[in-house]
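**Student:** Build me a structure from this.
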Amino acid sequence: MASSAKTMDDDQLPPLPPLISEMGEALSPPDDAVIPRETLLDNDLETLRAFVAILVIITIIITGAVVGITVRNWLEGEIIEGASVELTARAHQYKVLVEFDKTRGFTGDGVVVCIVDSGIDLSHPDLDHLSLRGWQDFINNRAEPYDDHGHGTAMAGLLVADGGLHGLSKGVGLLVAKALSKDGNGSDQGVANAIDWCVSEGAEVISLSLGGAPGFIPSQFQGDGAAAASREAITQGVYVIAAAGNDGQSSDDDDVDSPCSEEDVICVGGVNENGDPWVGTSKGRNNGRLFPPLFPRSDPDKKPELVAPAERVPVLIKGGGWGYADGTSAATVYVTGAISVLLEGRPDLQRNGSAGGQQGIEKVKDWLEETVKPQEGQDGHDEKYGYGLLKVEALLDRAGAISPATTPHSYLL
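**Tutor:** Presented below is the predicted three-dimensional model:
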């Protein structure tokens, strides 16, 4: 069977527009000239205009880095007509690696997940069973679901596919917000609006397989719209899972992407099939810096918090195909699936549960730190490997989630 290859390069954040001054050059009157009052007023106005122009320039410089958010993780490799034996075997290998073969019957049933991405292709045979819980298009405002890029379909398939591939938590109720265009680009404000929509539609978990350069203003001071929206979602008890980024081989890999860099966002790096760090996974800068300002991080909030599969991960291809994806996008969905099955087993940790809210999220982050598997010889947090590799069964054990039929209704935190 013939196959074709399709590779997409990471898009870069759009350049800032050039700044053009329109102020004329002031004329100097003779020393003995009497300057009319009107001229003095004109000079004052020119000074005021110059001051305003300087403020505008400063504002653009400060906010420029957060204007665009782009998805950083692209599909690459073979696109094939059917889910081959090799592809399904690799999907199973990754499930075993992170213990998704030991979820005890949990499928995420009753948990609402919102994917913010490029959309979804519901005509794919692995998704034709799916009825979305909600859809919103922040790019073209279309009423019916679609995906003109493909990244969103790949990520949704990892979670809920049922056919050639089988999703990690296919029992979830799925919301899809299209905030990325056909080129894989999206604005910071567009992603922020999508996050807000997810919260308003009842999401328990928001999955963000995307990221952009953090702004010059620390997000604690509202310098980044998507980061601020993520923080607000977390205060309402919504789990936000985001990709660390794919800059691991770049000389400018200075920190994980935003909003992954937010304190209580669960930030996910990547590994290969052996559980070794994927070469492209971004590192966290956890000791802080002066400029752009970054506060030091402490446990359990050092970035990334954990790692999951990111190299040649089997995914759906829009239009009806199957293939592979590299990147922390895929790793993000593995953790989204893990949190979904956890919340089915511990419904009290959902946003309206008795143990939910931001404190519940912080408790789950403690459990993640305790239950992941560090690399051999690792002591504490690693700037790329986080606290360790996702282990779903260990997380369910720590949470006291036994099975859908026998999980108790009272828990010891």
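
**Student:** Look up how far Asp348 lies from the closest residue to Pro404 other than its chain neighbours.
**Tutor:** Among residues not flanking Pro404 along the chain, Gly105 sits closest, at 5.1 Å (Cβ to Cβ, 6 or more residues apart in numbering). From N, CA and C alone the C-beta is placed, and that goes for glycine too. Distance from Gly105 to Asp348, counting by Cβ to Cβ, to the nearest Å: 19 Å.

**Student:** Helix, strand, or coil at the residue nearest to Pro404?
**Tutor:** Classification of Gly105 using DSSP: H, G, I helix; E, B strand; the rest coil returns coil.

**Student:** for it, phi and psi?
**Tutor:** Here is the backbone geometry of Gly105 (degrees, to the nearest 10): phi 90, psi -10.

**Student:** Look up how far Ser329 lies from it.
**Tutor:** 28 Å.

**Student:** Looking at those two, which one has more neighbours?
**Tutor:** For the pair Gly105 and Ser329, the greater number of neighbours falls to Ser329 (33 against 14), based on other Cβ atoms under 10 Å.

**Student:** Please, which helix or strand holds that one?
**Tutor:** According to DSSP states H and E, Ser329 maps onto helix 328-345.

**Student:** Which element is encountered next along the chain beyond that helix?
**Tutor:** helix 358-371.

**Student:** so where's this structure shaky on pLDDT?
**Tutor:** Applying pLDDT under 70 to the chain flags residues 1-82, 212-223, 250-255, 286-295, 405-413.

**Student:** all strands of it, in order?
**Tutor:** With strands called from DSSP state E, the chain shows them at 4-5, 68-70, 75-80, 112-117, 134-137, 173-178, 185-187, 205-208, 239-243, 266-271, 306-309, 313-317, 321-325.

**Student:** for these, which one sits closest to Tyr385?
**Tutor:** Tyr385 lies closest to strand 306-309 among the strands of the chain, at 5.6 Å (Cβ to Cβ).

**Student:** so what secondary structure elements neighbour the closest one?
**Tutor:** strand 266-271, helix 328-345 (3 or more Cβ pairs under 8 Å, 6 or more residues apart in numbering; DSSP states H and E).

**Student:** if I look at the nearest residue to Ala243 once chain neighbours are set aside, how far off is His129?
**Tutor:** Distance criterion Cβ to Cβ, 6+ apart; nearest residue to Ala243, sequence neighbours excluded, is Thr328 at 4.0 Å. Distance of Thr328 to His129, computed by Cβ to Cβ: 28 Å.

**Student:** how about the helices of the stretch 51-200 of the chain, start to end?
**Tutor:** Taking DSSP state H, counting those that start in this stretch, the helices of the stretch 51-200 of the chain run over residues 85-97, 151-160, 188-200.

**Student:** Export the ones you listed as TSV, with columns for mean neighbour count and distance to Val392.
**Tutor:** What follows is the helices of the stretch 51-200 of the chain, written out as TSV (neighbours: other Cβ atoms under 10 Å; distance: least, Cβ to Cβ, whole Å):
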stretch	mean neighbour count	distance to Val392
helix 85-97	16	9
helix 151-160	29	14
helix 188-200	23	23
